[in-house]
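Colleague: Need a 3D model of the sequence below.
(2 chains)
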There are 2 protein chains.
Amino acid sequence: MVEFTISSYSAKDQDALWDLLAPEFQAGETYAIDPYISKKDAVEYWTGGDSKALVVRLKGQVVGTYYLRPNLDGGGAHVCNCGFIVDKEARGMGVGRFMFEHALELAVEQGYLAMQFNFVIATNDRAIKLWQSEGFEIVGRLPKAYQHPKAGYVDAFVMFRELV
Amino acid sequence: MVEFTISSYSAKDQDALWDLLAPEFQAGETYAIDPYISKKDAVEYWTGGDSKALVVRLKGQVVGTYYLRPNLDGGGAHVCNCGFIVDKEARGMGVGRFMFEHALELAVEQGYLAMQFNFVIATNDRAIKLWQSEGFEIVGRLPKAYQHPKAGYVDAFVMFRELV
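Modeller: Model (predicted):
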């Protein structure tokens, strides 16, 4: 059994966080984010505003991160949104599932009534299977909404799960 | 035939813009935005960043506004997003349809390949009918994703149209 530790993001994690965000955003295969985004803007995107960001460690090494935040404001603030990134070197060890389950619990704890992923790129099978394994449904399909650097124009899904 | 004039938003329109945004956001029936949002934040939301905001006048009076911007960055930047607000006093005069058609043309002109509305609250029949009349489809349904001040928890739709 792999033993992960998880803690709230703090400024001292900034370099380790960027080491996770940079390759993910630069590859442009999973997030609709400018691949040339600066470190400052990327860290702000992940951790700023109402975002609660966490980092996961294995034997002291940062292996993953996720954020949890309201998906919208006002009458939409009872639905949360998350983003997850696993270090490529740590794939297949359950980091993603560990974070996802943690996020679901944290979301309930914080009083959210549902969780929404706004833009799951259709080529991201690994993520889609993981979300579906915990009760998420594809509630929307955005035709050719993502220009994938290798696959060209691909669909994106909106995925949703009620939490209560 | 009602004669509208339309122009890019500029700082001198700020008070007139706020006169449109404030009642709409404060009522909380159409936008998932904090009803207590400040004037500064509301104007920034509507006109800031990559947003191209416009104002529509009838006989010199501002009667509506819309913005057009990329819905996402990176590989998602070929899909645009818009928001529209019509002055309540000017309802039924075609301001909404005028802006919508202008937006569709502007979007094509700016090279966007599709337009997406991320969160159309199910009670907003007027808007839904207007979007559908110009070829938009409901591509997603978010169950009980909006807490409406009068109707309680209601669904929201994701609406989408390719432009080419």
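Colleague: List the residues that contact the closest residue to chain B within chain A.
Modeller: As assessed by C-beta to the nearest C-beta, chain B sits closest to A:Gly140 within chain A, at 2.1 Å. Placement of C-beta: from N, CA and C, glycine included. By C-beta atoms under 8 Å, 6 or more residues apart in numbering or on different chains, the residues touching A:Gly140 are A:157-158, B:139-142, B:158.
Colleague: Tell me how far it lies from B:Phe160.
Modeller: A:Gly140 sits at a distance of 8 Å from B:Phe160 (criterion: C-beta to C-beta, to the nearest Å).
Colleague: overlap in contacts of the two?
Modeller: B:Val139.
Colleague: quick one, strands of chain A?
Modeller: A:4-8, A:52-58, A:61-70, A:79-86, A:114-121, A:137-148, A:152-162 (DSSP state E).
Colleague: helices or strands up against the first one?
Modeller: It refers to strand A:4-8. Here strand A:4-8 touches strand A:52-58, helix A:95-109, going by 3 or more C-beta pairs under 8 Å, 6 or more residues apart in numbering or on different chains; DSSP states H and E.
Colleague: If we use 10 Å, what do you get?
Modeller: Strand A:4-8 sits against strand A:52-58, strand A:61-70, helix A:95-109, with contacts defined as 3 or more C-beta pairs under 10 Å, 6 or more residues apart in numbering or on different chains; DSSP states H and E.
Colleague: CSV for these, including mean pLDDT, distance to A:Glu24 and mean neighbour count?
Modeller: Formatted as CSV, those follow (pLDDT from 0 to 100; distance: least, C-beta to C-beta, whole Å; neighbours: other C-beta atoms under 10 Å in any protein chain shown):
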stretch, mean pLDDT, distance to A:Glu24, mean neighbour count
strand A:52-58, 98, 14, 19
strand A:61-70, 98, 10, 21
helix A:95-109, 98, 12, 17
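Colleague: Same list, these, but as a markdown table with distance to B:Asp87 please.
Modeller: Below are these laid out as a markdown table (distance: least, C-beta to C-beta, whole Å):
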| stretch | distance to B:Asp87 |
| --- | --- |
| strand A:52-58 | 38 |
| strand A:61-70 | 29 |
| helix A:95-109 | 39 |
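Colleague: Need the contact partners of stretch A:16-23.
Modeller: Outside stretch A:16-23, the residues that touch it by C-beta atoms under 10 Å, 6 or more residues apart in numbering or on different chains are A:9-11, A:13, A:25, A:31, A:33, A:35, A:37-40, A:42-43, A:45-47, A:53, A:55-57, A:61-65, A:83, A:85-88, A:90.
Colleague: Show me just the buried residues among those.
Modeller: Among the contacts of stretch A:16-23, those scoring as buried are A:9, A:13, A:25, A:31, A:33, A:35, A:37, A:42-43, A:45-47, A:53, A:55-57, A:62-65, A:83, A:85-87, A:90 (criterion: 16 or more other C-beta atoms under 10 Å in any protein chain shown).
Colleague: The residues you listed also near chain B: which ones?
Modeller: Among the buried ones among the contacts of stretch A:16-23, the residues lying close to chain B (C-beta under 10 Å from any C-beta of the partner chain) are A:25, A:31, A:33, A:35, A:37, A:45.
Colleague: and the two most separated of those?
Modeller: Using C-beta to C-beta, those span at most 13.1 Å, a distance reached by A:Pro35 and A:Tyr45.
Colleague: Can you pull the residues that touch both of these two?
Modeller: Going by C-beta under 10 Å, 6+ apart, residues that sit against A:Pro35 and also against A:Tyr45 are A:25, B:73.
Colleague: Kindly tell me how buried A:Gln14 is, as a neighbour count.
Modeller: Look at A:Gln14: counted by other C-beta atoms under 10 Å in any protein chain shown, it has 14 neighbours.
Colleague: Could I get the contacting residues of it?
Modeller: Going by C-beta under 10 Å, 6+ apart, A:Gln14 touches A:39-40, A:43, A:47.
Colleague: hmm, back to that, please convert the ones next to chain B among the buried ones among the contacts of stretch A:16-23 to a markdown table, extending it with pLDDT.
Modeller: Shown next, in a markdown table, are these (pLDDT from 0 to 100):
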| residue | pLDDT |
| --- | --- |
| A:Phe25 | 98 |
| A:Tyr31 | 97 |
| A:Ile33 | 98 |
| A:Pro35 | 97 |
| A:Ile37 | 98 |
| A:Tyr45 | 98 |
